[in-house]
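**Student:** how would this look folded up:
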Amino acid sequence: MRALTRTYQLGPQDIFALRGVDLIIDHGEYVAIMGPSGSGKSTLMNIVGCLDRPSSGHYILDGTPVEDMNDDELAAVRNKKIGFVFQTFNLLSRTTALQNVELPLVYAKIGRHERREMAEEALTSVGLGDRMNHQPNELSGGQRQRVAIARALVNKPSLLLADEPTGNLDSQTGREILDLFRELSSRGNSIILVTHEDDVAREAQRVIHLRDGKIVP
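**Tutor:** Below is the predicted model of the structure:
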């Protein structure tokens with residue numbers, strides 16, 4: 001990312017959410033982003049996750065410029081190159097863990113047999129090989145977050161984005177999820193984690209602090 005800005009119109013007023021952000025994240029790097037409310041964390045994550053475009057500046061993902069893509073192109077990049085993990089899990093309640101993990105592959109139009117194999121592999125990789133046919137209400141909070149992580153990983157994305165992934169978990173379960181992120185990082189997954197918590201941020205290889213839309217030391 002180079003000279004990234006994002007401005008919103010609020011009536012006659014311009015709100016500057018990002019003010020010239022320069023950031024390079026290497027392949028396989030594990031980065032935490034911290035900052036107070038209103039610092040620009042969510043805006044930066046939305047742009048990195050191809051959910052939004054910058055007002056100006058450049059964002060290159062895997063060698064591809066993102067800032068000029070149309071909505072369909074952005075959706076394709078999101079589905080193929082980015083995995084999302086949310087604080088609230090965002091699982092479908094009436095489907096099994098396996099079906100939840102298969103969902104991105106349905107959108108990618110991958111055939112049923114291959115889809116099943118890929119989803120089983122992803123669930124096994126997060127330690128849930130024996131819980132594939134359980135529905136979310138039959139799983140603990142930590143297991144639900146593991147399902148969400150498996151779903152994020154199933155397409156083998158270039159980048160895993162995690163927004164407060166331990167926020168709804170007790171400390172022991174949160175520790176297990178952070179251990180899993182560390183393991184995923186050691187396997188070469190690129191991870192960006194947004195958090196308010198210092199101890200969570202310390203798990204990453206690098207911590208980036210945002211304030212008033214800028215990266216600060």
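**Student:** Please make it C-alpha for all contacts and neighbour counts, starting now.
**Tutor:** OK.
**Student:** Please name the residues that touch N168.
**Tutor:** 87-88, 141 (C-alpha atoms under 8 Å, 6 or more residues apart in numbering).
**Student:** can you do 10 Å?
**Tutor:** If a contact means C-alpha atoms under 10 Å, 6 or more residues apart in numbering, then N168 has 86-89, 141-142, 145, 174 as its contacts.
**Student:** Likewise for T95?
**Tutor:** 101, 133-137.
**Student:** From those residues, which land in strands?
**Tutor:** Judged by DSSP state E, the subset of those located in strands is empty.
**Student:** what would these look like in JSON lines with neighbour count?
**Tutor:** Formatted as JSON lines, those follow (neighbours: other C-alpha atoms under 10 Å):
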{"residue": "V101", "neighbour count": "30"}
{"residue": "N133", "neighbour count": "13"}
{"residue": "H134", "neighbour count": "15"}
{"residue": "Q135", "neighbour count": "19"}
{"residue": "P136", "neighbour count": "22"}
{"residue": "N137", "neighbour count": "12"}
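**Student:** Among these, which one lies nearest to L123?
**Tutor:** Closest approach to L123 among those (C-alpha to C-alpha): V101, at 7.8 Å.
**Student:** distance of the closest one from N168?
**Tutor:** In this view, V101 and N168 are 20 Å apart by C-alpha to C-alpha, to the nearest Å.
**Student:** got it, and L61?
**Tutor:** 30 Å.
**Student:** before we move on, what about G49?
**Tutor:** 22 Å.
**Student:** now for the contacts of T95, which pair is the farthest apart?
**Tutor:** V101 and N137 (15.5 Å).
**Student:** just checking, what packs against the helix ranked longest in the chain?
**Tutor:** Taking DSSP state H as the criterion, the chain has its longest helix at helix 171-186. Contact analysis of helix 171-186 by 3 or more C-alpha pairs under 10 Å, 6 or more residues apart in numbering; DSSP states H and E lists strand 30-34, helix 141-153, strand 159-163, strand 190-194, helix 198-201 as its packing neighbours.
**Student:** what angle separates the helix or strand following the first one from strand 30-34?
**Tutor:** Tracing the chain past strand 30-34, the next element assigned as helix or strand by DSSP states H and E is helix 41-48. Here helix 41-48 runs at an angle of 140 degrees relative to strand 30-34 (axes from the mean of the first three to the mean of the last three C-alpha atoms, to 10 degrees).
**Student:** Can you give the contact residues for helix 41-48?
**Tutor:** Contacts of helix 41-48 (C-alpha under 10 Å, 6+ apart): 1, 4-7, 17-18, 21, 33-35, 40, 49-54, 59-61, 66-67, 78, 82, 159, 161-163, 192-195, 209-214.
**Student:** and if you look at stretch 86-93?
**Tutor:** Taking C-alpha under 10 Å, 6+ apart as the rule, stretch 86-93 contacts 97, 99-101, 103, 135-138, 141-142, 144-149, 151-152, 161-169.
**Student:** Check the offset of it from the chain's centre.
**Tutor:** A distance of 13 Å separates the centroid of the chain from that of stretch 86-93, by C-alpha atoms, centre = their mean, to the nearest Å.
**Student:** Using CSV, write down the CA coordinates of it.
**Tutor:** Extracted as CSV, the C-alpha positions of stretch 86-93 are listed here (Å, rounded to 0.1, in the frame of the first residue of the first chain):
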residue,chain,number,x,y,z
PHE,A,86,-14.9,-12.3,12.6
GLN,A,87,-15.4,-11.9,16.4
THR,A,88,-19.0,-13.2,16.1
PHE,A,89,-18.1,-16.3,14.0
ASN,A,90,-20.9,-15.6,11.4
LEU,A,91,-21.7,-19.3,11.0
LEU,A,92,-25.0,-20.5,9.5
SER,A,93,-26.9,-22.1,12.4
